[in-house]
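Undergrad: next one to model:
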Amino acid sequence: MVEQDRWARWLLESRFGGDPKYAKEYLDKLREVRDGVLNHRLKLGDGAVLLDVGAGDGLIGFGALDRIGPTGRVIFSDVSRSLLDHCRSLAAESAMSERCEFVEARAEDLRRSRTTASTQ
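TA: Modelled structure (predicted):
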């Protein structure tokens, strides 16, 4: 197992201070905000491609996969390899790996080219 970086450790393990009730309430609220953006602000249709910059734990990207049909794709981008590995594992668990790409990069380093994309 790859050792998690500080950002991944905080996001995945300690951001809720070990309080499962608070974690559930907070994540439910985040999902409401995400759903509002994905359902009403973006015009996602079948076959769309979404670039999730700063993907973190994949909240936006995985929410989008449900809305873009079986031919839609999500590109998860983050500076943290640990978080990308986490998203990659979630994609595999939900049998969506073929619809996902993973790019380790800072937002300012992203290019239009897909040459840096990795699905490993």
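Undergrad: from Leu50, how far off is Gly17?
TA: 31 Å (Cβ to Cβ, to the nearest Å). In this view, the C-beta of every residue, glycine as well, is placed from N, C-alpha and C.
Undergrad: can you check Leu42 too?
TA: 8 Å.
Undergrad: neighbour count winner among those two?
TA: With neighbours defined as other Cβ atoms under 10 Å, Leu42 and Leu50 compare such that Leu50 has more, 19 against 14.
Undergrad: confirm that the more buried one sits in a helix.
TA: No: under DSSP: H, G, I helix; E, B strand; the rest coil, Leu50 sits outside any helix and is assigned strand.
Undergrad: who touches it in this structure?
TA: For Leu50, the contact set (Cβ atoms under 8 Å, 6 or more residues apart in numbering) comprises Leu42, Leu44, Ile60, Gly61, Ala64, Ile68, Gly72, Arg73, Val74, Ile75.
Undergrad: secondary structure added to those, as JSON lines?
TA: Formatted as JSON lines, those follow (three-state DSSP):
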{"residue": "Leu42", "secondary structure": "coil"}
{"residue": "Leu44", "secondary structure": "coil"}
{"residue": "Ile60", "secondary structure": "helix"}
{"residue": "Gly61", "secondary structure": "helix"}
{"residue": "Ala64", "secondary structure": "helix"}
{"residue": "Ile68", "secondary structure": "coil"}
{"residue": "Gly72", "secondary structure": "coil"}
{"residue": "Arg73", "secondary structure": "strand"}
{"residue": "Val74", "secondary structure": "strand"}
{"residue": "Ile75", "secondary structure": "strand"}
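Undergrad: and which of those is nearest Glu32?
TA: Of all the contacts of Leu50, Ile60 has the smallest distance to Glu32: 13.0 Å, by Cβ to Cβ.
Undergrad: the closest one contacts Leu38, correct?
TA: Yes: judged on Cβ atoms under 8 Å, Ile60 makes contact with Leu38 at a distance of 7.4 Å.
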